[in-house]
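Enquirer: no FASTA, just this:
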């Protein structure tokens with residue numbers, strides 16, 4: 001039976017190395033547990049369902065510099081031409097592109113301004129009756145717009161009377177009743193909810209309080225710079241994208257087609273910083289674990305070199321190889337457990353600070369426990385090699401200088 005007291009005495013005689021390793025294990029545990037949790041949170045964020053067939057949708061901008069046309073009539077002609085292309089499901093001019101990081105939002109209320117009322121901030125899209133089908137989102141209740149409900153806005157003298165809204169928004173505005181058929185207000189303008197949309201993310205995935213809340217308004221209001229959204233049959237998007245620019249120039253030459261991009265590519269641009277951060281955290285975790293493992297390996301080798309004669313003497317007195325290995329494993333285990341206790345406390349404190357200052361979700365205890373177990377297992381594995389080397393020291397080493 002191995003006694004713990006001699007191990008403690010040996011550690012006290014070489015405190016510096018043990019303390020440095022303890023601190024290194026504590027730092028690794030605190031940082032790795034939080035970094036792993038953030039990576040999982042970012043993965044959930046990047047892979048969250050959006051409600052769109054991202055791989056089948058693309059967008060493009062049109063900058064018109066000619067003055068000899070009616071923009072609304074031209075938009076209607078362009079939409080009809082795009083819809084006629086083989087492989088196109090639907091196409092529409094729209095005021096904002098989902099998942100792009102850019103759009104419009106406002107507060108939707110239960111009473112008109114200036115009356116005091118509950119108000120929920122949501123993104124909104126202006127488009128016509130083809131918008132719902134082009135976006136490809138699911139209408140779970142009610143109906144789509146009728147063509148005669150779409151406002152062709154040339155002078156802002158009219159405003160829509162109906163709207164489609166996501167279930168997430170209506171559940172917040174009307175928590176105790178059905179939102180379909182209710183009237184909400186955009187400023188002082190009343191909007192009757194004629195359709196309820198299921199999953200539909202807005203332009204801003206990073207804004208937790210707004211990403212699921214969206215309203216679609218039946219209004220066409222193109223400016224000199226406007227944008228189109230097109231949904232294609234599966235596998236047909238690339239072919240359709242090749243034809244769009246030529247088609248648009250054939251319809252009207254005095255304009256430029258810009259930012260012809262798939263919706264999945266637009267989303268990838270929007271979340272590029274998050275992907276980069278995630279990769280950096282993976283590198284950080286790898287480096288910390290490697291450095292800690294090398295630290296354990298190096299400290300054990302150092303201790304073996306210092307105690308070569310001591311180990312040889314114990315072998316000469318009959319100590320088994322397994323006893324020598326067990327000695328160094330236990331010694332390392334004591335340092336590791338002390339470091340893990342300190343590291344767990346550090347992980348909790350670091351997680352609280354990240355939650356307070358950077359809006360990161362509260363660190364799960366599961367990640368702390370899993371990291372601690374993995375670090376402990378890694379430390380044991382790192383010491384096995386040097387411990388076996390110590391066990392192979394010949395008993396004659398103890399008498400070589402006598």
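Expert: Sure thing, it's come through. Computed from a prediction, not measured in an experiment: that's the story for all the values here.

Enquirer: and the top helix by length along the chain, which residues are buried?
Expert: Determined from DSSP state H, the single longest helix within the chain is helix 321-358. Within helix 321-358, the residues that count as buried by 16 or more other CB atoms under 10 Å are 324-325, 327-329, 331-336, 338-340, 342-344, 346-348, 350-351, 354. All C-beta spots, glycine's among them, are computed from the backbone N, C-alpha and C.

Enquirer: try stretch 71-78
Expert: Neighbour count says stretch 71-78 has 71, 74, 75, 76, 78 buried, by 16+ other CB under 10 Å.

Enquirer: again with stretch 353-373
Expert: Result for stretch 353-373 [16+ other CB under 10 Å]: buried residues 354, 360, 363, 367, 368, 371, 372.

Enquirer: show me the contacts for the third one.
Expert: When contacts are counted by CB atoms under 8 Å, 6 or more residues apart in numbering, residue 363 touches 33, 34, 37, 347, 348, 350, 351, 352, 354, 355.

Enquirer: for this protein, what spans make up the helices?
Expert: 5-13, 15-46, 71-83, 131-135, 167-173, 237-251, 263-270, 272-306, 308-316, 321-358, 365-391.

Enquirer: right, so the ones you listed: which one is the most enclosed?
Expert: For the helices of the chain, the largest average neighbour count (mean count of other CB atoms under 10 Å) is found in helix 131-135, namely a mean of 22.

Enquirer: and that helix, what does it pack onto?
Expert: Secondary-structure packing of helix 131-135 (3 or more CB pairs under 8 Å, 6 or more residues apart in numbering; DSSP states H and E): strand 88-94, strand 225-232.

Enquirer: how is the protein carved up into domains?
Expert: 4-48+271-399, 66-253 (the TED database).

Enquirer: ranking these by mean pLDDT, which is last?
Expert: With a mean of 85, domain 4-48+271-399 has the lowest mean pLDDT of these.

Enquirer: what's near enough to touch residue 325?
Expert: Neighbouring residues of residue 325 by CB under 8 Å, 6+ apart: 384, 387, 388, 390, 391.

Enquirer: from memory the second one sits against residue 301, does it?
Expert: No: because the distance of 10.1 Å does not satisfy CB atoms under 8 Å, residue 387 is recorded as not touching residue 301.

Enquirer: stretch 85-96 spans what distance, first to last residue?
Expert: Terminal residues of stretch 85-96 are spaced 23 Å apart (CA to CA, to the nearest Å).

Enquirer: make a markdown table from the domains of the chain and add distance to residue 261 to it.
Expert: Formatted as a markdown table, the domains of the chain follow (distance: least, CB to CB, whole Å):
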| stretch | distance to residue 261 |
| --- | --- |
| domain 4-48+271-399 | 13 |
| domain 66-253 | 9 |
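
Enquirer: nearest to residue 56, of those domains?
Expert: domain 66-253 (5.2 Å; CB to CB).

Enquirer: and that closest one, how far out from the chain's middle?
Expert: Here the centre of domain 66-253 is set off from its chain's centre by 26 Å, with CA atoms, centre = their mean, to the nearest Å.

Enquirer: can you give me the end-to-end distance of that domain?
Expert: End-to-end distance of domain 66-253 (CA to CA): 8 Å.

Enquirer: the residue nearest to residue 141 when sequence neighbours are not counted and residue 88: what is the separation?
Expert: What sits nearest to residue 141 in space, not counting adjacent residues and going by CB to CB, 6 or more residues apart in numbering, is residue 196, at 4.0 Å. According to CB to CB, to the nearest Å, residue 196 stands 27 Å off from residue 88.

Enquirer: with residue 108 instead?
Expert: Separation of residue 108 from residue 88 (CB to CB): 32 Å.

Enquirer: who has more neighbours, these two?
Expert: residue 108 (25 against 20; other CB atoms under 10 Å).

Enquirer: surely that one touches residue 118?
Expert: No: contact criterion CB under 8 Å: residue 108 and residue 118 do not qualify, at 9.5 Å.

Enquirer: common neighbours of those two, please.
Expert: Common contact partners of residue 108 and residue 118 (CB under 8 Å, 6+ apart): residue 173.
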